[in-house]
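Colleague: Coordinates for the following, if possible.
(2 chains, ligands or ions: 6)
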Number of protein chains: 2
Amino acid sequence: ELSQDIDENFIKEFIKEVDNKAIENNLKVLSKRPHMATTDGDTELVKWILQRWTDKDSGLDEAKEEIYDVYLSFPDKNNPNNIKVLTPNGTNVFTSRFTEENLNENDQSDPEVTKPYAAYAPRGNPKGKLVYANQGKMSDFESLSKKINLTGTIAIVRYGGAGRSTKAINAHHFGVAGLIVYTDPKDINDGNADPSQTYPHSWYLPPSGVERGAYTEDFGDLLTFFSPAKNYTYRINESDIKGIPPIPTQPIGFEDAKTLICQLAGDDAPLDWQGSLGCQYKLGPGFLAGGIYTDSDVQVNVYNYAEVRPSANVMGMIRGTVEPDRYIMYGNHRDSWVHGAIDPSSGTAVMLEITRILGTKVKQGKWRPRRTIIFGSWGAEEFGLIGSTEFAEEYYSKLRDRTAAYINVDISVFANATLRAQGTPPVQGVIFEAAKQVQTPVPSLSVYDNWIRHFNRSSTVYNKLIPQLGTLGAGSDYAPFLHYLGISCMDLAYTYDRSKTSARIYPAYHTAFDTFDYTAKHIDPGFTSHQAVARTAGNVLLRLSDSLVLPLAPIDYWETLESYYNAAESNMKAELSNRKIPLEPLKTAVARYKAASDDLKRTIENLKDTQTTPLKIRMINDQLMLVERAFINHYAFQDLPYFSHVIWAPRTSSVPTFPGLANAYSKAVSTGLLEDWNQVHHHLTIVIQAIDNAASTLETVASI
Amino acid sequence: ELSQDIDENFIKEFIKEVDNKAIENNLKVLSKRPHMATTDGDTELVKWILQRWTDKDSGLDEAKEEIYDVYLSFPDKNNPNNIKVLTPNGTNVFTSRFTEENLNENDQSDPEVTKPYAAYAPRGNPKGKLVYANQGKMSDFESLSKKINLTGTIAIVRYGGAGRSTKAINAHHFGVAGLIVYTDPKDINDGNADPSQTYPHSWYLPPSGVERGAYTEDFGDLLTFFSPAKNYTYRINESDIKGIPPIPTQPIGFEDAKTLICQLAGDDAPLDWQGSLGCQYKLGPGFLAGGIYTDSDVQVNVYNYAEVRPSANVMGMIRGTVEPDRYIMYGNHRDSWVHGAIDPSSGTAVMLEITRILGTKVKQGKWRPRRTIIFGSWGAEEFGLIGSTEFAEEYYSKLRDRTAAYINVDISVFANATLRAQGTPPVQGVIFEAAKQVQTPVPSLSVYDNWIRHFNRSSTVYNKLIPQLGTLGAGSDYAPFLHYLGISCMDLAYTYDRSKTSARIYPAYHTAFDTFDYTAKHIDPGFTSHQAVARTAGNVLLRLSDSLVLPLAPIDYWETLESYYNAAESNMKAELSNRKIPLEPLKTAVARYKAASDDLKRTIENLKDTQTTPLKIRMINDQLMLVERAFINHYAFQDLPYFSHVIWAPRTSSVPTFPGLANAYSKAVSTGLLEDWNQVHHHLTIVIQAIDNAASTLETVASI
Ligand SMILES: [Ca+2]
Ligand SMILES: [Ca+2]
Ligand SMILES: [Zn+2]
Ligand SMILES: [Zn+2]
Ligand SMILES: [Zn+2]
Ligand SMILES: [Zn+2]
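Modeller: Ligands and ions are numbered 1, 2, ... in the order given. Got it, this is the predicted structure:
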């Protein structure tokens, strides 16, 4: 039936059927074994997910695995990375832990646990005097280098404040020979550092826990930018890879970090560089005179190797009835660093519960969506969103032309306080609508009403207080869909009560403590927050797949554009006037966008009252689907691979406006060069052009 | 009615109503006055076309002008460019003509006639010894430079063999200080050089005729790549423009060229450098000893200036009934160099006859197309396809998403022998169909049957002899639609009997002799070839606008892909094998494309027998529309602005295969460098990826 529309009863039924026990059981299977990308544990899950999605009673219409040959980096199993302290005569007086301490059954002692390492850091054994460089930001090294000649030193920095590999690139810039990265209890444990205060006694990270991670600045397979990493694909030379650490780099836990930092000599570190290791942090270089390490060097021993390995995405599909050529996508990565109970299996457990319910309905002949639903279990996300990026590259054309929205649920539960949603403005409304229909665990109120208590803002479009939708960076698999393809995206999860913790992220993140036991005891006992996420995300998915008119609201973009314009006006207008770069055309473009989206909104409202043809609705749906695409300009950010979205590209400037404009403006102010002011004008032009294109997509279609 | 389809009776009626007299009258108005871009003559035509398109009885639904502020180059009216011969003591013994000779009423003596110049050539007055450098190709200068030190010389070259500005860039590369370009009677006049043999006695170019032209390598406004040239747009510095002549350059007629070349000293020029000036061509440097110019220098005097000027496109629209959001575009430029009767007014006269008939039907309520038709009268094409490119930039998103095809009819009649069609493979079938329904003037047979006599090839898809569809370069306004937007394009015209002339182009091209009188007497007396083009192009337009299923045939692309693959295999396979670059995946991709397009073809054939929903047909139409888009890769040719179409980008290599692959291969063979062989593999990857994307667009839509 061409007018097939959303069925509210079906949604109620779906919500009722979401089973917390089933999610718990999914998570048990998913997190049983370490499953780093391309390891045996990962391969086993590929098979299991395929089996679930091809089940005759609860499977999807189709499922298959797709392999990409991607460039990964691993530690040497026989030669664990470590940090050593060596006295002047070469005696080794300290070696950092090779593995995390075993604290639950044999979770941490499982031989399949990947030993801590910085993926993509080069091999090497540099040694030198130790210095403490705070978070490894450029500004940190700049201020440190005013006091200490950093050439040939080993720097220790804490996680946070700058990207992983950026810390190493910054360090190298100042002549540092090797880098140690650790997790400070101040940043992750609300200051708690004692074993009695940490897991298994709480959710806090034990002293031996080490955050692993990809040390990369770009995403996607590093050898095959803009092409899928297939057997036929050209690969650049390893030596031409950019954005990875130029020096040996190794992460350690705060137990080991304390040993090193609390023995440092030199001036006191500034107040805001101090952490919670329980001592006064000093800058170095080298260790305290008269201490146990006096005159000793620190050596960073890295034995990583890189390899092209076959990584699988598992793809599943439910065919749409009326509009099979319109896709709603839902995905999460499958690969973890260790057991990955929270990251990413909490998300996969939710996805598999959604596919169980919808698959069963399809197999029973009770339901089939209006549009095609595509599920993706992405491989090698932890190495830089690789599986999803290669997929986006391989199917660029059809995904660009046909995908109305992408839903990402990676970590589904960081903590059990409230929903947290990030997305582009058009998806805001459908999340609100879905969240209103789902109840929170305890106390029972709607997910929406609970959410608005934690994050809210007043909206001129809604003319009231609404939950605050966060913005999307490039932290999970939505990135290629958003930045490269220009698809409306969202990322959903349950998260913290920020009045109760300031943890940078959930404390077991990327460590061997991110296990089923940890999740079941400390993150979501009873799995009811998982259930709430499954209900909300599933509801969003159904509304996008089944609604006659796509539940996407272009008018909501206007609030972003308007606030970006206002920020530009208040921060830049005077200086731009001096430079004869008028802001008025940007204001005009934003107003044009508003008028166009208002008009389209009215057209949609009036649809309900009249007899409407299927092609008229398809025309409107195409406008709703494609307006996000209009913000893509593949020529806008030529030195940032994949970043083509003029509104959401990375912004390094503090002015909360369009990223290209903000970054160019900050640079021009700092250099004062005419060519840099020209780039400000260039980026302003790109923004106006994108907004005009978006408005043009929303305006009456037969117009010139 | 959702199933509105093509009405063959309406097409017959349209064909009958196309009036050669009306076209002739259009041409009279269009060519009355010189109308170089942005001059008064151009502005007058903007008004006239607008008036035609807003006429209450025969106008379109909407029409408007759109202004872009674009960078143009003009000669100084008060200071005509010229070539001088100066004796050693500075006496001026020769000055080239400032204007063409007046040969018909006051056509050539009209003060609005733009004096001959090379647009975008810099001002200057270099002088030096004259050399003859054939066509100004790199190979020409290379061989000449082996005999003569070219530093500081003035080179004279003939049109043909290399792009206009490329000649000047090549000359500069060898130290040449000034360039003269002329039209050799051998190339344009089948050797005829005598005034008694040329216009007004025949279609051949008179001795004083000078070909003007844009001396540019890129297209679009040179200051605003990838952004529309609006008031808000950032413009690069003039000094950063690339691809224009680095040295003063001036075109002259063969009367003046003879004076210079036939006095040259030095070695005889090679046989294939000889032309039809009636003397032995020598290389120089300098003039014959004992002749009138002995020891004289030649001076190139150029007084051009550049300016940003407002240039208008005139846009017209007929709103579609069922699919207003699908566009069929039809366009031609309006601006000429002088009167431009043939180029471009012969095309505009045809367009206005089509809009008169269709506009009248619309106003009478007798017809309205299924899809929206957009007409464009582009400005400033002669300066580098500027109006159409700026339009493509301004409306990138909606044109990309909604345009099913672009029809270009620039010069509609080069000569009156046969139809000549260029296009991408999917448009081949609809041109055939239209051409079969139109009769040629005399002898009366179908345009198709006449066409196949002049240009034909055997086709494996059609399994018979078919007319040869030419390929599209970047010679007219289809270029931004094809190369930047990836829209299926065609260019239609009537042209020569190649057994009767080898003229490089119609002889009056870009000269002051391209007038109504010239056209009416020597190109198309009676305007019946114009009529045949109007009937054919209008029929194509109607079939594209009105057919329920778009008359585009993706299977026809397969023949191109297959022949490109075969050329790659026979020319490159052995060497690629040595380099471990397998061609097999390309073969696989081409086979996949064939299977997908065969399947879709069968699906379409089966449609006719069954009840089909409007959305199913829309789905198929989207596949037909978007398959061309799948060949676009904005990252494929980073140093060629706008060229993104992997199949049709410029090929400099002689191997008739995919352009990126062919060019990279030729370079690698010549340098032997590993990095160049890597680029071969890179471009092979890009081709496979594009073909896979195209296949993917054609395959069953609900697939993973
Ligand atoms: Ca890739
Ligand atoms: Ca431009
Ligand atoms: Zn994750
Ligand atoms: Zn992670
Ligand atoms: Zn033309
Ligand atoms: Zn022309």
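Colleague: Every contact and neighbour count from this point should use C-alpha atoms.
Modeller: OK.
Colleague: mind saving the C-alpha coords of stretch A:547-562 as PDB?
Modeller: The C-alpha coordinates for stretch A:547-562 follow below in PDB (Å, rounded to 0.1, in the frame of the first residue of the first chain):
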ATOM      1  CA  SER A 547       6.500   7.000   8.500                       C
ATOM      2  CA  LEU A 548       4.900   8.100   5.300                       C
ATOM      3  CA  VAL A 549       6.600  11.500   5.600                       C
ATOM      4  CA  LEU A 550      10.100  11.200   6.900                       C
ATOM      5  CA  PRO A 551      10.300  12.500  10.500                       C
ATOM      6  CA  LEU A 552      13.200  14.900   9.800                       C
ATOM      7  CA  ALA A 553      12.900  18.600  10.500                       C
ATOM      8  CA  PRO A 554      15.100  20.900   8.400                       C
ATOM      9  CA  ILE A 555      13.800  23.900  10.300                       C
ATOM     10  CA  ASP A 556      15.800  22.700  13.300                       C
ATOM     11  CA  TYR A 557      19.000  23.400  11.400                       C
ATOM     12  CA  TRP A 558      18.000  27.000  11.300                       C
ATOM     13  CA  GLU A 559      18.600  27.400  15.000                       C
ATOM     14  CA  THR A 560      22.200  26.100  14.500                       C
ATOM     15  CA  LEU A 561      22.800  28.400  11.500                       C
ATOM     16  CA  GLU A 562      21.300  31.300  13.400                       C
END
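Colleague: So what touches it?
Modeller: Stretch A:547-562 is contacted by residues A:3-6, A:370, A:424-430, A:459-461, A:543-544, A:590, A:593-594, A:597-598, A:601, A:617, A:620-621, A:624-625, A:627 when judged by Cα atoms under 8 Å, 6 or more residues apart in numbering or on different chains.
Colleague: Enumerate every residue touching A:Ser476.
Modeller: A:Ser476 touches A:381, A:385, A:408, A:410, counting by Cα under 8 Å, 6+ apart.
Colleague: just to revisit the earlier point, just the buried residues out of the contacts of stretch A:547-562, in ChimeraX syntax.
Modeller: Selection of buried members from the contacts of stretch A:547-562 for ChimeraX, criterion 16 or more other Cα atoms under 10 Å in any protein chain shown:
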select /A:5,6,370,424,425,426,427,428,429,430,543,544,590,593,594,597,598,601,617,620,621,624,625,627
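Colleague: Among the contacts of stretch A:547-562, name the ones in strands.
Modeller: Judged by DSSP state E, strands contain the following of the contacts of stretch A:547-562: A:Ser459.
Colleague: So the closest residue to ligand 3 within the stretch 151-300 of chain A versus ligand 1, what's the distance?
Modeller: Going by Cα to the ion, ligand 3 is nearest to A:Gly213 of the stretch 151-300 of chain A, at 10.5 Å. Look at A:Gly213 and ligand 1: by Cα to the ion, to the nearest Å, they are 20 Å apart.
Colleague: And A:Pro88, by the same measure?
Modeller: Distance, A:Pro88 to ligand 1, by Cα to the ion: 47 Å.
Colleague: Quick check: that residue touching A:Val298?
Modeller: No. With contact defined as Cα atoms under 8 Å, A:Pro88 does not reach A:Val298; the gap is 10.5 Å.
Colleague: show me where pLDDT drops low in chain A?
Modeller: Within chain A, the stretches with pLDDT under 70 are A:609-611.
Colleague: residue closest to the middle of it?
Modeller: Taking Cα atoms, centre = their mean, the centroid of chain A lies closest to A:Gly475, which sits 1.8 Å from it.
Colleague: which SS state does that one fall under?
Modeller: Assigned with DSSP: H, G, I helix; E, B strand; the rest coil, A:Gly475 falls in the coil class.
Colleague: How about the contacts made by A:Ala392?
Modeller: Residues near A:Ala392 by Cα under 8 Å, 6+ apart: A:399, A:480-481, A:484-485.
Colleague: just to revisit the earlier point, among the contacts of A:Ser476, which one lies nearest to ligand 2?
Modeller: A:Leu385 (34.7 Å).
Colleague: show me what contacts the closest one?
Modeller: Per Cα under 8 Å, 6+ apart, neighbours of A:Leu385: A:219-220, A:476-477, A:479.
Colleague: Need these in a markdown table (columns: distance to B:His683).
Modeller: Putting the contacts of A:Leu385 into a markdown table (distance: Cα to Cα, whole Å) gives the following:
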| residue | distance to B:His683 |
| --- | --- |
| A:Phe219 | 22 |
| A:Gly220 | 20 |
| A:Ser476 | 30 |
| A:Asp477 | 28 |
| A:Ala479 | 26 |
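Colleague: A:Asp267 and A:Gln280 touch, don't they?
Modeller: No. Applying Cα under 8 Å, one finds A:Asp267 not in contact with A:Gln280, separated by 10.1 Å.
Colleague: More neighbours: which of those two?
Modeller: More crowded of A:Asp267 and A:Gln280, by other Cα atoms under 10 Å in any protein chain shown: A:Gln280, with 16 against 12.
Colleague: Please report how far the more buried one lies from A:Phe254.
Modeller: 15 Å (Cα to Cα, to the nearest Å).
Colleague: Next: A:Ile354.
Modeller: For A:Ile354, the distance to A:Phe254 - Cα to Cα - is 39 Å.
Colleague: likewise A:Lys32?
Modeller: Distance, A:Lys32 to A:Phe254, using Cα to Cα: 26 Å.
Colleague: just A:Pro122 next, same as before
Modeller: According to Cα to Cα, A:Pro122 stands 23 Å off from A:Phe254.
Colleague: Check A:Asp524 too.
Modeller: Per Cα to Cα, A:Asp524 is found 26 Å from A:Phe254.
Colleague: cool, A:Ser577 as well?
Modeller: Separation of A:Ser577 from A:Phe254 (Cα to Cα): 51 Å.
Colleague: Give me the more crowded residue out of these two.
Modeller: Higher neighbour count among A:Ser577 and A:Phe254: A:Phe254, with 25 against 11, using other Cα under 10 Å.
Colleague: Can you point out the helix or strand that includes the nearest residue in space to the more buried one that is not next to it in sequence?
Modeller: Sequence neighbours aside, A:Pro207 is the residue nearest to A:Phe254 in space, at 5.3 Å (criterion: Cα to Cα, 6 or more residues apart in numbering or on different chains). Of the helices and strands defined by DSSP states H and E, none includes A:Pro207.
Colleague: wait, isn't A:Pro207 in contact with A:Asn192?
Modeller: No. If you go by Cα under 8 Å, A:Pro207 and A:Asn192 don't touch, sitting 9.7 Å apart.
Colleague: In the stretch 401-550 of chain A, what residue comes closest to ligand 5?
Modeller: For the stretch 401-550 of chain A, Cα to the ion, closest residue to ligand 5: A:Asp401, 33.5 Å.
Colleague: So which of the contacts of A:Ala392 belong to helices?
Modeller: A:Leu399 (DSSP state H).
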